[in-house]
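A.B. asks: What shape does this take:
(one chain, ligands or ions: 2)
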Amino acid sequence: MKPLRFCRQLSGLCARDRLVEPRALINGQFKEFPGFDVVNPANQQVLAQVSDTPLEEVEFAVCVAARAFDDYRTVPVHARARILSNWHHLMLEHEQDLARLVTLENGKPLADSLGEVRYAASFFKWFAEEAVRCYGDTIPSATPSNRMYTQWRPVGPVGIITPWNFPLAMITRKLGAALAAGCTSVIKPAAETPMSAMAMAVLGVEAGVPDGVVNFVPVAHSKTAKVGELFCKSPDLKKVSFTGSTRVGKLLMEQSSSTLKRLSMELGGNAPFVVFEDADLEKAAAGFMSCKFRSSGQTCVCANRIFVHDKVYAEFVDMVADLIDKNTRMGPGIDPSVTHGPLIHENALAKVEALVEDAVKNGAKVVRGGRRRPDLGALFYDLTLLSEVTPNMDIFHTEAFGPVAPVIRFSSEEEVLQQANNTEVGLAAYFYTENNSRAWRVAEKLQAGMVGVNTGLISEAALPFGGVGESGFGREGSKYGLAEYSELQTVVVGI
Ligand SMILES: NC(=O)c1ccc[n+]([C@@H]2O[C@H](COP(=O)([O-])OP(=O)(O)OC[C@H]3O[C@@H](n4cnc5c(N)ncnc54)[C@H](O)[C@@H]3O)[C@@H](O)[C@H]2O)c1
Ligand SMILES: O=CCCC(=O)O
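C.D. replies: Ligands and ions are numbered 1, 2, ... in the order given. Model prediction:
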């Protein structure tokens, strides 16, 4: 077997080179297999080769997680909390190295990557604290000689599948809850971003995760669907937790029917961002910039359709154009002065390009951007502001997952609510108003799992994260997150 290789960008990346780990982690052992290429989206150079875990080894990892569950389920919650707390501290201790890895393989700017490392680590802290508070109930029984109580039991071994856009945080949001609840796991990170995941694996071993309790199995794109099927159909895994597209979420749900598996589905979004005529426009424009363009538009809670009241439409569009001109700089994320990086791959870029072309063909106006930036690299697309967008355009109905902001006019609250809710995927929604009763009223009427009122940034560990409709089900983080990895057991005692 040829040894796995790294490019120069990775050597010397970390104070301790072993954070750059190309091997799978199964049963506490790092195992090397022939590798697949991980590419830097900023320049298309191969960063490293990472082990492409063979399917029989993925199956083995599932068996290992099932076997480890017998012991791990009995580990006292305080000990589980200590492991999570150690892992949290180790992530913060290595935050600069982790951030560089995220930037190199995902493309997001260093400041955003550092924010992600801290956000990701916060889920371990949160669930270390939640682990020791998973209370049950005592219930009065109708039978005088019976006593009843409930307790939370771990679901069992869990299969975890995560996307590339938050290569650390989408893992920790699931894994933190799973470990706290007493579940073991097998994690398949996205093929675009396995290096960040494997760096976490290294820190997990150091944090004291017992052998076999957390297994990481990176695989190349070509094997991804097979691993998904294996997870869903395995009788040993009692739950699959997935973050990614609605298309793949539906497929996994179908495949899980034979085992009636517990599922958590964090899927696509199509967030409305509404600016009412009574909004504080400066606040709205600033909130919009981070809500829409964070990670070059590649977050599931990014604003996707921007509704602006007729009376403030022109002013708001001008303000945003001005902020794009003055406050943004596109380029390779590893340059600390860069605010916006490339898209993840050519498909993502082609999708954005097609949406812009369709909108322009149907009457939208390009206020800023609207083109590729080959001068910066093959995967760069300008931050793009489109005005006069209407519901007959593809972009109105499609999650762009890229740096394009379609701005739509509206003239009444009733009309905008109808349009904002005109989507199958209700993940996040945002609106700006200075009218207090409107704030309460509109928040209640928006069909979305999460609503931001006068803010464009909502994410934190304490937030119950999740959507409605085809955006999936289940809530991650928050005081509800632990229940997703637990079963409520009732005990009846005859006395
Ligand atoms: N709701 C959330 O919390 C959330 C968070 C991040 C991203 N997302 C969504 O994810 C999408 C963007 O990510 P993407 O395009 O990489 O999603 P994707 O569904 O293509 O990929 C996500 C993960 O699923 C894996 N995968 C792909 N096909 C699979 C299959 N057939 N079986 C099993 N696994 C498979 C990928 O390797 C990756 O690990 C967007 O729709 C975005 O809104 C949602
Ligand atoms: O992209 C999805 C997750 C984004 C977040 O947690 O804020």
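A.B. asks: Count the residues that sit near the residue nearest to I334 when sequence neighbours are not counted.
C.D. replies: Excluding the flanking residues, the one nearest I334 by CB to CB, 6 or more residues apart in numbering is T103, at 5.4 Å. For every residue, glycine as well, the C-beta is placed using N, CA and C. Counted with other CB atoms under 10 Å, residues neighbouring T103 total 27.
A.B. asks: Now do the contacts for T103.
C.D. replies: With contacts taken as CB atoms under 8 Å, 6 or more residues apart in numbering, T103 has the following neighbours: 109-110, 113, 333-334, 341.
A.B. asks: For it, which three-state class applies?
C.D. replies: helix (DSSP: H, G, I helix; E, B strand; the rest coil).
A.B. asks: Quick check: pLDDT value at it.
C.D. replies: T103 carries a pLDDT value of 97.
A.B. asks: again with P140
C.D. replies: So, for P140, pLDDT stands at 97.
A.B. asks: Give me the distance between it and L488.
C.D. replies: As judged by CB to CB, to the nearest Å, P140 and L488 stand 17 Å apart.
A.B. asks: before we move on, what about K292?
C.D. replies: To L488, K292 is 40 Å away according to CB to CB.
A.B. asks: With E95 instead?
C.D. replies: Separation of E95 from L488 (CB to CB) stands at 37 Å.
A.B. asks: Not counting its neighbours along the chain, what's nearest F166?
C.D. replies: Sequence neighbours aside, E116 is the residue nearest to F166 in space, at 5.8 Å (criterion: CB to CB, 6+ apart).
A.B. asks: what's that neighbour in contact with, if anything?
C.D. replies: When contacts are counted by CB under 8 Å, 6+ apart, E116 touches 99, 102, 108, 166-169.
A.B. asks: Only alpha carbons, please: show stretch 122-139 as CSV.
C.D. replies: Extracted as CSV, the C-alpha positions of stretch 122-139 are listed here (Å, rounded to 0.1, in the frame of the first residue of the first chain):
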residue,chain,number,x,y,z
SER,A,122,-19.4,24.8,22.9
PHE,A,123,-21.6,21.8,22.2
PHE,A,124,-19.3,19.6,24.1
LYS,A,125,-19.4,22.0,27.0
TRP,A,126,-23.2,22.3,26.8
PHE,A,127,-23.8,18.6,26.8
ALA,A,128,-21.2,18.0,29.6
GLU,A,129,-23.4,20.2,31.6
GLU,A,130,-26.7,18.7,30.4
ALA,A,131,-25.5,15.1,31.0
VAL,A,132,-25.8,15.5,34.7
ARG,A,133,-29.3,17.0,34.5
CYS,A,134,-31.3,14.3,32.7
TYR,A,135,-34.0,13.9,35.3
GLY,A,136,-37.0,11.5,35.2
ASP,A,137,-40.4,11.8,36.8
THR,A,138,-42.3,10.0,39.6
ILE,A,139,-45.9,9.4,38.5
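A.B. asks: Name the residues of stretch 256-263 that are buried.
C.D. replies: By neighbour count on 16 or more other CB atoms under 10 Å, the buried set for stretch 256-263 is 256, 259, 261-263.
A.B. asks: so what's D382 up against?
C.D. replies: The contact partners of D382, by CB under 8 Å, 6+ apart, come to 330, 368-373, 403.
A.B. asks: Just put those in CSV and tack on distance to ligand 1, secondary structure and pLDDT.
C.D. replies: Formatted as CSV, the contacts of D382 follow (distance: CB to the nearest ligand atom, whole Å; DSSP: H, G, I helix; E, B strand; the rest coil; pLDDT from 0 to 100):
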residue, distance to ligand 1, secondary structure, pLDDT
M330, 21, strand, 98
R368, 24, strand, 98
G369, 21, coil, 98
G370, 22, coil, 97
R371, 23, coil, 97
R372, 20, strand, 98
R373, 22, coil, 98
P403, 15, coil, 98
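A.B. asks: Next, the closest residue to N435 other than its chain neighbours: phi, psi?
C.D. replies: Among residues not flanking N435 along the chain, D278 sits closest, at 4.9 Å (CB to CB, 6+ apart). The phi/psi pair for D278 (degrees, to the nearest 10) reads phi -100, psi 20.
A.B. asks: Quick check: the gap between D278 and ligand 2.
C.D. replies: 28 Å (CB to the nearest ligand atom, to the nearest Å).
A.B. asks: Likewise for D211?
C.D. replies: According to CB to the nearest ligand atom, D211 stands 30 Å off from ligand 2.
A.B. asks: just M198 next, same as before
C.D. replies: For M198, the distance to ligand 2 equals 21 Å [CB to the nearest ligand atom].
A.B. asks: didn't that residue look like it was pressed against K31?
C.D. replies: No: between M198 and K31 there is no contact under CB atoms under 8 Å: 11.6 Å.
A.B. asks: quick one: common contacting residues for those two?
C.D. replies: 23, 25.
A.B. asks: Which one's more surrounded, those two?
C.D. replies: Using other CB under 10 Å as the criterion, M198 and K31 rank with M198 on top: 24 against 16.
A.B. asks: can you tell me if the helix or strand that contains the more buried one touches ligand 1.
C.D. replies: Assessed by DSSP states H and E, M198 sits inside helix 194-207. No: using CB under 6 Å from any ligand atom, helix 194-207 stays clear of ligand 1, with a minimum separation of 9.5 Å.
A.B. asks: Enumerate residues external to that helix that contact any of its residues.
C.D. replies: Against helix 194-207 from outside (CB under 8 Å, 6+ apart): 10, 14, 18-23, 25, 28, 30, 38, 47-48, 50, 83-84, 86-87, 90-91, 94, 97-98, 101-102, 104-106, 162, 167-168, 171-172, 187, 189, 214, 216, 218.
A.B. asks: Just the ones in strands from these, please.
C.D. replies: In strands, defined here by DSSP state E, the members of the contacts of helix 194-207 are 25, 30, 38, 47-48, 50, 187, 214, 216.
A.B. asks: follow-up on the earlier one: would you confirm that the residue nearest to F166 belongs to a helix?
C.D. replies: Yes: E116 forms part of a helix when assessed by three-state DSSP.
A.B. asks: Kindly report the residues of the stretch 151-300 of the chain close to ligand 1.
C.D. replies: By CB under 6 Å from any ligand atom, the residues of the stretch 151-300 of the chain that approach ligand 1 are 161-165, 170, 190-191, 224-225, 228, 243-245, 248, 251-252, 266-269, 300.
A.B. asks: How about the most centrally placed residue in the chain: what's its closest non-neighbour residue?
C.D. replies: By CA atoms, centre = their mean, the mean C-alpha position of the chain lies nearest to M170, the distance being 4.2 Å. Closest residue to M170 apart from its sequence neighbours, by CB to CB, 6+ apart: T162 at 4.1 Å.
A.B. asks: number of nearby residues for that neighbour?
C.D. replies: 26.
A.B. asks: My guess is it contacts G228. True?
C.D. replies: No: T162 is beyond contact range of G228, at 12.0 Å (criterion: CB under 8 Å).
A.B. asks: what touches both of these two?
C.D. replies: Taking CB under 8 Å, 6+ apart as the criterion, T162 and G228 both touch K188.
A.B. asks: residues in contact with K188?
C.D. replies: With the criterion set at CB under 8 Å, 6+ apart, K188 makes contact with 58, 159-162, 217-219, 224, 227-228, 231.
A.B. asks: And it, how far from P374?
C.D. replies: The gap separating K188 from P374 is 33 Å, by CB to CB.
A.B. asks: residue boundaries of the helices in this protein?
C.D. replies: Ranges of helices in the chain, per DSSP state H, are 55-72, 77-93, 95-106, 110-131, 169-181, 194-207, 221-233, 246-255, 281-293, 313-327, 346-361, 394-397, 413-420, 436-445.
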